[in-house]
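Colleague: task: produce atomic coordinates for the following.
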Amino acid sequence: TLTGAPLLLLRIIKYFSINKNERIELILKKNGPLVNEYKKYCNVVHIWDKEWYYEKNFFKRIDNRVFKNNSRIQKKIIQKLKKTPPKLIFNNTCVNGNILKKINFSKSPVISFFHELETVLKMYSESISYLFNKSDHFIVPSIATKNNLVLNHNISKNKISVCYGSVSPLIKNQIKDSKLDLKKSLNISENTFVVGGCGAKISENDYMSSL
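Modeller: The predicted model follows:
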């Protein structure tokens, strides 16, 4: 989706693809508008759970449903990873525990990038429990996220690195240039302190143009 975690993952993958000579193989829980962007920077992109009911062709939908294509696809992914275990598993967000259970059959180290605080962690308690046990290190975007893992989940401080978030320079410049125009359009003075909101409501074209 065009939300924070998938977009940030795309920026991380893009950096390593351009600056490091590493093979990147990506497993996505679902399909979505960023898949083609991921494919530009990843050697392989797997879709773990294809939502067959979005398939336009009626017969393909029936075939997917009857023959459980998702199960077959998942088995192929697992078999491939067994033959060539990854040097590192980078788990993005707290919701992937069920997938990690199936692919973490090797001694590959696991780094988990946790963006979420306690309310969301409680929603994925089963997934979280497995990730806590299997993750060798955690990356978090804030002190609050780190404190939550330490205080509420007994994660050692030594296993957590804080890496603050950011926006791309292009978006930053667009915001800077548009501040005065925004205040004029709202009929407020130039010295007024403005609180902005951020979230998922951004068009695909607007985001792609900023990459």
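
Colleague: where in this protein is pLDDT low?
Modeller: 53, 68, 106, 167-177, 197-211 (pLDDT under 70).

Colleague: and the strands in it?
Modeller: For the chain, strands defined by DSSP state E occupy the ranges 25-28, 44-47, 89-92, 110-113, 137-140, 160-162.

Colleague: which elements pack onto the first one?
Modeller: If I follow you right, that is strand 25-28. Judged by 3 or more CB pairs under 8 Å, 6 or more residues apart in numbering; DSSP states H and E, strand 25-28 is in contact with helix 35-41, strand 44-47. Every C-beta, even on glycine, is put in place using the N, C-alpha and C of the backbone.

Colleague: rerun at 7 Å
Modeller: Secondary-structure packing of strand 25-28 (3 or more CB pairs under 7 Å, 6 or more residues apart in numbering; DSSP states H and E): strand 44-47.

Colleague: what pairs with the strand it packs on, parallel or antiparallel?
Modeller: Next to strand 44-47 in the sheet, as set by DSSP bridges, lie strand 25-28 (parallel).

Colleague: what comes up buried for the partner strand?
Modeller: Using 16 or more other CB atoms under 10 Å as the test for burial, strand 25-28 gives Leu26, Ile27, Leu28.

Colleague: with stretch 89-106 instead?
Modeller: By 16+ other CB under 10 Å, the buried positions in stretch 89-106 come out as 89-97, 99-100, 103-104.
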